[in-house]
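Q: Quick one: sequence plus predicted model below, questions after.
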Amino acid sequence: MANSNTDAKTNRVKLASFNLFNYIEPPLAYYDFENIYSAEQWQKKQTWLADFLAQHQPDIIGLQEVFSAQALAEQMHAAGYVHFATVGEPTVIDDYICRDPVVALASKYPFTEVTAIEAEPEYIYGLGLNANFAFSRKPLRVTVQLPQIGLCDIYVVHFKSKRPHLDELPPPKFVQQKGSATAAPLVNFGELLGRNSLGQWASSIQRGSEAVLLLHAMLQRRIETNQPMVLMGDFNEELTSSVLSPLTNRELRFEKEGLGELANYPLTDGYKLFQQGLQDLFGDKASDASADEIAVEEERMLAKARASRAPTHYYGAQGNVLDYILLSADFDPSFDNSVAEVCDYHTEDRHLVNPSFERDSQSSDHAPVICTLRIRR
């Protein structure tokens, strides 16, 4: 008889997404010449990632804020992730100062295709965007051969941050002079507020445009291949915001016929599917559970406890969920043709809410999110 624990492991695929927060090998520097890790800091950063992988053992992990892709590929390979992909390269200034990090995907399962998602000119024009519009970080699409599921398109993103985008604004109109005639003038506070609002909106336009252009590319791919889809990464905004809401939209405003076919296309938050599974397990049906079903309740209670979603990032004392794993209908049990379901969802936030300097000083300002899929036989 096959071991039940072995069966459970082979029947599951664990996905993770992690913003590594400036993964850069010295002597390179991130953004400024002073931002160079010491040998000890770099070792601690790599050790933190290694410990995370050893403890949680995701099968596939999407990674953001990657400056040193080769060093990351080597570390991931040593941890058992023999398949690694990235697109593009960071911008290097003065030989060692880096900006514009890239995203990557590491996997224990093989790839059949790797490509960067580019914004198509005709859609850029159709949205009224500047002709030079481009993704702030190129999204990555990797087609992965998943056990028992087959080919699956996995997308890794890092959408534009909320940091005000002020580069294209004209110079300030209103300034106030300092006491000294030689001192640089200060921008008026009203001017600062107005410019900040303009800059934030510019960032929102960029982020929202990235989201809808990527979604359109994903749906075009879905129409062509009908392969399952996973979208993971740092979205830099709550999924429920008006800017990102198109990613999970499942309505057509005017078309009313043939809406049953629409179920094949929308994306769903993996955490929402996890909650839905918990409701099915502990809802009205639970009262009719057999003795065998009750025997697994203790194990399930751990998953139930995770239903209270933790922030993945903190700005001061304010916590927000910025990191997501979205899934196509293939992973939704309510969809007739689903092949898997979400059986666990976890935010690894100890380093954010209960940090230890010795352990966490070179970790990340984001919490990794981990989503486990159970293949339906």
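A: Sure thing, it's come through.
Q: which residue ranges form the helices in the stretch 201-350 of the chain?
A: Applying DSSP state H, counting those that start in this stretch to the stretch 201-350 of the chain gives helices spanning 270-282, 291-295, 297-305, 350-353.
Q: before we move on, what about the stretch 1-150 of the chain?
A: Using DSSP H, counting those that start in this stretch, helices in the stretch 1-150 of the chain cover 4-10, 39-56, 69-78, 121-126.
Q: out of those helices, deepest packed?
A: Ranked by mean neighbour count under mean count of other C-beta atoms under 10 Å, the helices of the stretch 1-150 of the chain are led by helix 69-78, which reaches a mean of 17. C-beta: built from backbone N, CA, C; applies to glycine.
Q: Just the CA atoms of that one, as PDB, please.
A: Taking Å, rounded to 0.1, in the frame of the first residue of the first chain, the C-alpha atoms of helix 69-78 are listed here in PDB:
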ATOM      1  CA  ALA A  69      20.200  37.200 -11.300                       C
ATOM      2  CA  GLN A  70      23.200  34.900 -11.700                       C
ATOM      3  CA  ALA A  71      23.900  34.700  -8.000                       C
ATOM      4  CA  LEU A  72      20.200  34.000  -7.400                       C
ATOM      5  CA  ALA A  73      20.100  31.300 -10.000                       C
ATOM      6  CA  GLU A  74      23.100  29.600  -8.300                       C
ATOM      7  CA  GLN A  75      21.500  29.800  -4.900                       C
ATOM      8  CA  MET A  76      18.200  28.500  -6.100                       C
ATOM      9  CA  HIS A  77      19.900  25.600  -8.000                       C
ATOM     10  CA  ALA A  78      21.800  24.700  -4.800                       C
END
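Q: what comes into contact with it?
A: Under the contact criterion C-beta atoms under 8 Å, 6 or more residues apart in numbering, helix 69-78 has outside partners 20, 23, 25, 46, 49-50, 53, 61, 63, 66, 84, 86, 89, 102, 104, 106.
Q: and which of those residues is nearest to Asn130?
A: Within the contacts of helix 69-78, the smallest distance to Asn130 is 22.5 Å, found for Val102 (C-beta to C-beta).
Q: contacting residues for that closest one?
A: Val102 sits next to Val66, Phe67, Ala69, Thr86, Val87, Gly88, Glu89, Pro90, Arg137, Lys138 when contact means C-beta under 8 Å, 6+ apart.
Q: Check the gap between Glu65 and Arg137 for me.
A: Distance of Glu65 to Arg137, given as C-beta to C-beta, to the nearest Å: 9 Å.
Q: quick one: common contacting residues for the two?
A: Going by C-beta under 8 Å, 6+ apart, residues that sit against Glu65 and also against Arg137 are Pro101, His158.
Q: Dump the contacts of Val102 to JSON lines, plus distance to Ala317 and pLDDT.
A: Below are these laid out as JSON lines (distance: C-beta to C-beta, whole Å; pLDDT from 0 to 100):
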{"residue": "Val66", "distance to Ala317": "29", "pLDDT": "98"}
{"residue": "Phe67", "distance to Ala317": "29", "pLDDT": "96"}
{"residue": "Ala69", "distance to Ala317": "34", "pLDDT": "97"}
{"residue": "Thr86", "distance to Ala317": "34", "pLDDT": "97"}
{"residue": "Val87", "distance to Ala317": "36", "pLDDT": "91"}
{"residue": "Gly88", "distance to Ala317": "35", "pLDDT": "90"}
{"residue": "Glu89", "distance to Ala317": "37", "pLDDT": "93"}
{"residue": "Pro90", "distance to Ala317": "32", "pLDDT": "94"}
{"residue": "Arg137", "distance to Ala317": "28", "pLDDT": "95"}
{"residue": "Lys138", "distance to Ala317": "34", "pLDDT": "96"}
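Q: what's the closest of those to Pro110?
A: Nearest to Pro110 among those is Thr86, at 16.4 Å by C-beta to C-beta.
Q: And the strands in the stretch 51-200 of the chain, which stretches?
A: In the stretch 51-200 of the chain, the strands defined using DSSP state E, counting those that start in this stretch lie at 60-66, 83-86, 91-93, 97-99, 102-107, 111-116, 140-146, 150-158, 175-176, 186-187.
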